[in-house]
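Asker: model the following, please.
(one chain, ligands or ions: 1)
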Amino acid sequence: MNTAQNMPTLKHVVIIGGGIAGLSTAWYLQRYVQEQNVEIRYTVLEAESTWGGKVKTTYLENGTAQPYVVECGPDAFLTRKPWAAQLADELGLSNEKISVQPTAKRIYILNRGRLDPIPEGVHLLVPTDIRAFLRSSLFSWREKARILSEVFIPARKDETDESIEAFVKRRFGCAASQKLAEPLLAGIYNTDISCQSLLATFPHYRKLELQYGSLIRAMRHSMTLMKPSADKQTESAFFSFQGGTMRLVEGLASQLEGQLLLKTPVKEPLAYQQGQYLVSTSIGILSADAVIWATPAYVTAKFLVEVVPTATELLNKIRYEGIGTITLMYRREDIPHALDAYGVVVPSHENRNIDGMTWVTSKWTHRAPADQVMIRVFFGGPQTRSMLFVDDVELLNIVCRELNDILSIDSKPLTYHIDRWENGYPQYEVGHHLLIQAIKNALPPRIYIVGSAYDGVGVPDIIHGAQRCAMFCLEQLKENYYERASTY
Ligand SMILES: Cc1cc2nc3c(=O)[nH]c(=O)nc-3n(C[C@H](O)[C@H](O)[C@H](O)COP(=O)(O)OP(=O)(O)OC[C@H]3O[C@@H](n4cnc5c(N)ncnc54)[C@H](O)[C@@H]3O)c2cc1C
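Answerer: Residues are numbered from 1 along each chain as shown. Purely as a prediction, here's the structure:
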C-alpha cells in the first residue's frame, strides 16, 4: 500500500538525539533539502538541556582573562578522515581550528614503570622504518626479531573476522600485542583488544595481508609509492578548536533552521499508524514520515521494540564500556617531567589504576595560562572498570599517587575537573560488521540509525555516517518510499 498521497506535502523527519550524530545528520539533511529544493522539515529531539552529547567542553575560571578549556569527551579530530574538518569549514569555523603542537609529537608507553616512547617508524601497529624501529627501547632484541619476522608469516586466506589481539599475535607475536597494540588501542578505542573486531576496526589490514602476504611489506611498498607532498608532511594528524571541540556543536546548533527541542526526551516506544510514525515525547506525540535514531544503541533498542522487535534484539547485542577522565591543573614549576609528548598509554600488565593520560598543554595551545600545565588522566575503561565508581575524593587521591609514581609529581593540583561516562564507548566486537548489516537489513523504510555504535566511534566517521544517512533518508522520502517492509 502506498500511502504517500495521504501525506501533507511538507514531509516531516524526526531526529532523535542531539549529539554530534543527530546534529550533523540534521545539518546535511537541511543542506541537501535546500540544494534539491525538496519540501521536507525536520525536528531534533534531545533529552538533555544542552546539545552535543559526549562532545562537551567546560570552561573553568582561573583568575585570568582566559579560562581553562577542559574537554569532557573528545579532544581531537583525526585529520586523515576529512569529514569533521570539512564540516567545520562549512560552518565557517576554519579560523578557529587549531592543530596539535608539533614539538611534542610522540606518545610514551609505560613499560615496567618507565616511560618508553612508541618506537619511531611504526605506523600505528606496523614497523615501516626498520632502522628506527631497531633503536626502540620498548622491545627486546628477541621481540624485535619476532615482530620483523612478520614478512615470513603466511597470510590467512579466509574472510572471517578475528580479534585484533589474535591478528597481532598471529602476525607480530605476543610482545607486539601486549606492549603496543593493547595500550595504544585501549587509548584510542577504550576497548579490550581480545574482543575488538579486526574487520570493523582495521579492515584494510586484512586486505593488505591478503594482497601482499605481509603488512610490513605492504606498508613499506605503499609509503614508497605515495611520497607525501610537503603539505601532507607538515599537516597535523589531529585538529580541534581554540574554544574546544564544543565549538563544532555550537556551530551546528546556531545554523540549524529546523525545530530544535532540548529537554524533550522520547518516552515511549515508537508506534506506526496509517503510514506515519508516532514519536511519543515528554511534550506530546509527534507524527513523522521518517525517524532517524541518533541515540546510543541500547536506547534505540528500547524504543523500536514495538515496530521492529528484531532490530531491538540485535541492537541490544552492542555492548558498551565506561570511561572517565580527571583533568588536573598544576603550576609548571611543580612538574619535574618535561612533558615532551602528547601523553602516556598504560598497558594492563603494568597493573595501574589508570588507563593513560594526555598532557593537554603539550598537545594544544589555548588550554591554560602559560605558567601552568593541564594533565588529563583516563580511567574506568576495560582494564580499570572499578575506578569509574570510586568517589571523587578517593579518585583524586589515587590519581595523584599514580602521577607521583609515574611522573614524580608530589604537589597537589591547583584545581581539577571530573567526567564519568558510564556507557561511554560502544564495543566493536568480533562480527560487528555483520551485526550492523543485520540491524540495517531489519529496519523498515524511513527508520534509520546513525552514531557511534555503527560505522566508527570517532567523530569524523560519525559525521561521514550522518551524510550518508541524511542522503538515504532524503532519497527514500523523494521516492515516496512508503511500503512497509516484510520484517515488521
Ligand atoms: C571520554 C571520551 C573521549 C573521546 N575522545 C574522542 C576523540 O578524541 N576523538 C573522537 O573522534 N572521538 C572521541 N570520542 C568518541 C566520540 O566523542 C563519540 O563517539 C561521539 O561523540 C558520540 O556521538 P553520538 O552522537 O553518536 O552519541 P552521543 O554523543 O551519546 O549522543 C546521543 C544523544 O542522544 C541523547 N538521548 C539519549 N536518550 C534520548 C532520548 N530518549 N530522547 C532524546 N534524546 C536522547 C543523549 O542525551 C545524547 O545527547 C570520545 C568519547 C569519550 C566518551
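Asker: can you list the domains in this protein?
Answerer: With domains defined by automatic domain parsing, the chain comprises 4-47+247-318+428-478, 57-104+322-426, 118-230.
Asker: show me what contacts Cys195?
Answerer: Ser163, Gln427, Glu429, Val430 (Cβ atoms under 8 Å, 6 or more residues apart in numbering). Backbone N, C-alpha and C define where each C-beta goes, glycine included.
Asker: could I get the phi/psi values of the third one?
Answerer: What it means is Glu429. Main-chain torsions, Glu429, degrees, to the nearest 10: phi -80, psi 170.
Asker: what bridges to it?
Answerer: With DSSP bridges as the criterion, Glu429 is bridged to Gln196.
Asker: which residues touch Val151?
Answerer: Val151 neighbours (Cβ under 8 Å, 6+ apart): Gly213, Ser214, Ile216, Arg217.
Asker: relative to Leu314, how far out is the residue positioned nearest the centre of the chain?
Answerer: Note on the chain: the residue nearest the mean C-alpha position is Gly458, at 2.6 Å, using Cα atoms, centre = their mean. Distance, Gly458 to Leu314, using Cβ to Cβ, to the nearest Å: 23 Å.
Asker: how about Ser452?
Answerer: From Ser452 to Leu314 the distance is 17 Å (Cβ to Cβ).
Asker: and His432, by the same measure?
Answerer: 11 Å.
Asker: sorry, back to before: mind checking which of Ser452 and Leu314 has more residues around it?
Answerer: Neighbours were counted for Ser452 and for Leu314 using other Cβ atoms under 10 Å; Ser452 has more, 26 against 22.
Asker: in TSV, list the contacts of Cys195 along with pLDDT, distance to the ligand and neighbour count.
Answerer: Below are the contacts of Cys195 laid out as TSV (pLDDT from 0 to 100; distance: Cβ to the nearest ligand atom, whole Å; neighbours: other Cβ atoms under 10 Å):
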residue	pLDDT	distance to the ligand	neighbour count
Ser163	97	21	19
Gln427	96	12	20
Glu429	97	16	19
Val430	98	20	20
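Asker: just the buried positions in stretch 388-405, please.
Answerer: Neighbour counts over stretch 388-405 (16 or more other Cβ atoms under 10 Å) mark Leu388, Val390, Leu395, Leu396, Ile398, Val399, Cys400, Glu402, Leu403 as buried.
Asker: among these, which are located in helices?
Answerer: With helices taken from DSSP state H, the overlap with the buried residues of stretch 388-405 comprises Leu395, Leu396, Ile398, Val399, Cys400, Glu402, Leu403.
Asker: save the residues you listed as a markdown table, and put in pLDDT and distance to the ligand too.
Answerer: Listed next are those as a markdown table, based on pLDDT from 0 to 100; distance: Cβ to the nearest ligand atom, whole Å:
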| residue | pLDDT | distance to the ligand |
| --- | --- | --- |
| Leu395 | 98 | 15 |
| Leu396 | 98 | 18 |
| Ile398 | 98 | 18 |
| Val399 | 98 | 15 |
| Cys400 | 98 | 20 |
| Glu402 | 98 | 18 |
| Leu403 | 98 | 19 |
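Asker: I'd like to know which of these is nearest to Ala297.
Answerer: Proximity of these to Ala297 (Cβ to Cβ) peaks at Leu395, which lies at 28.1 Å.
Asker: now Val149. Nearest residue, chain neighbours left out?
Answerer: Residue 149: Ser, not Val. Nearest in space to Ser149, with sequence neighbours left out and distances taken as Cβ to Cβ, 6 or more residues apart in numbering, is Gly173 at 7.9 Å.
Asker: try Glu402
Answerer: Ile354 (5.1 Å).
Asker: the helices in the stretch 151-300 of the chain, which residues?
Answerer: 164-172, 174-175, 182-189, 198-201, 203-212, 215-225, 230-234, 246-255, 297-303 (DSSP state H, counting those that start in this stretch).
Asker: quick check: buried residues in the longest one?
Answerer: Within helix 215-225, the residues scored as buried using 16+ other Cβ under 10 Å are Leu215, Ile216, Arg217, Ala218, Met219, Arg220.
Asker: and that helix, how far from the chain's centre?
Answerer: Helix 215-225 sits 27 Å away from the centroid of its parent chain (Cα atoms, centre = their mean, to the nearest Å).
Asker: OK, contacts around Leu208?
Answerer: Contacts for Leu208 were tallied using Cβ under 8 Å, 6+ apart; they are Leu215, Ala218, Met219.
Asker: can you classify Ile375 by secondary structure?
Answerer: Under DSSP: H, G, I helix; E, B strand; the rest coil, Ile375 falls in the strand class.
Asker: let the chain start at 57 from now.
Answerer: With the count now opening at 57, the last piece we talked about shows up as Ile431.
Asker: pretty sure it sits against Gly412.
Answerer: No: in this structure Ile431 lies outside contact range of Gly412 using Cβ atoms under 8 Å: 11.1 Å.
Asker: of the buried residues of stretch 444-461, closest to Leu236?
Answerer: Of the buried residues of stretch 444-461, the one sitting nearest to Leu236 (Cβ to Cβ) turns out to be Glu458, at 21.3 Å.
Asker: tell me which stretches of the stretch 407-544 of the chain form strands.
Answerer: Along the stretch 407-544 of the chain, counting by DSSP state E, counting those that start in this stretch, strands occupy 412-415, 428-435, 471-482, 503-505.
Asker: now those strands in JSON lines, with distance to Ser296?
Answerer: Formatted as JSON lines, these follow (distance: least, Cβ to Cβ, whole Å):
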{"stretch": "strand 412-415", "distance to Ser296": "12"}
{"stretch": "strand 428-435", "distance to Ser296": "13"}
{"stretch": "strand 471-482", "distance to Ser296": "17"}
{"stretch": "strand 503-505", "distance to Ser296": "27"}
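Asker: to the ligand, which of these lies closest?
Answerer: Across those, the ligand has its closest neighbour in strand 471-482 (3.7 Å, Cβ to the nearest ligand atom).
Asker: what is the closest one packed up against?
Answerer: Applying 3 or more Cβ pairs under 8 Å, 6 or more residues apart in numbering; DSSP states H and E, one finds that strand 471-482 makes contact with strand 113-116, strand 124-127, strand 376-387, helix 448-463.
Asker: near the ligand, which residues of the stretch 107-256 of the chain?
Answerer: By Cβ under 6 Å from any ligand atom, the residues of the stretch 107-256 of the chain that approach the ligand are Gly109, Lys110, Val111, Gly129, Pro130, Asp131, Ala132, Phe133.
Asker: can you redo those as a markdown table with secondary structure and pLDDT?
Answerer: As requested, those are exported to a markdown table (DSSP: H, G, I helix; E, B strand; the rest coil; pLDDT from 0 to 100):
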| residue | secondary structure | pLDDT |
| --- | --- | --- |
| Gly109 | coil | 98 |
| Lys110 | coil | 98 |
| Val111 | coil | 98 |
| Gly129 | coil | 98 |
| Pro130 | coil | 97 |
| Asp131 | coil | 96 |
| Ala132 | coil | 96 |
| Phe133 | strand | 97 |
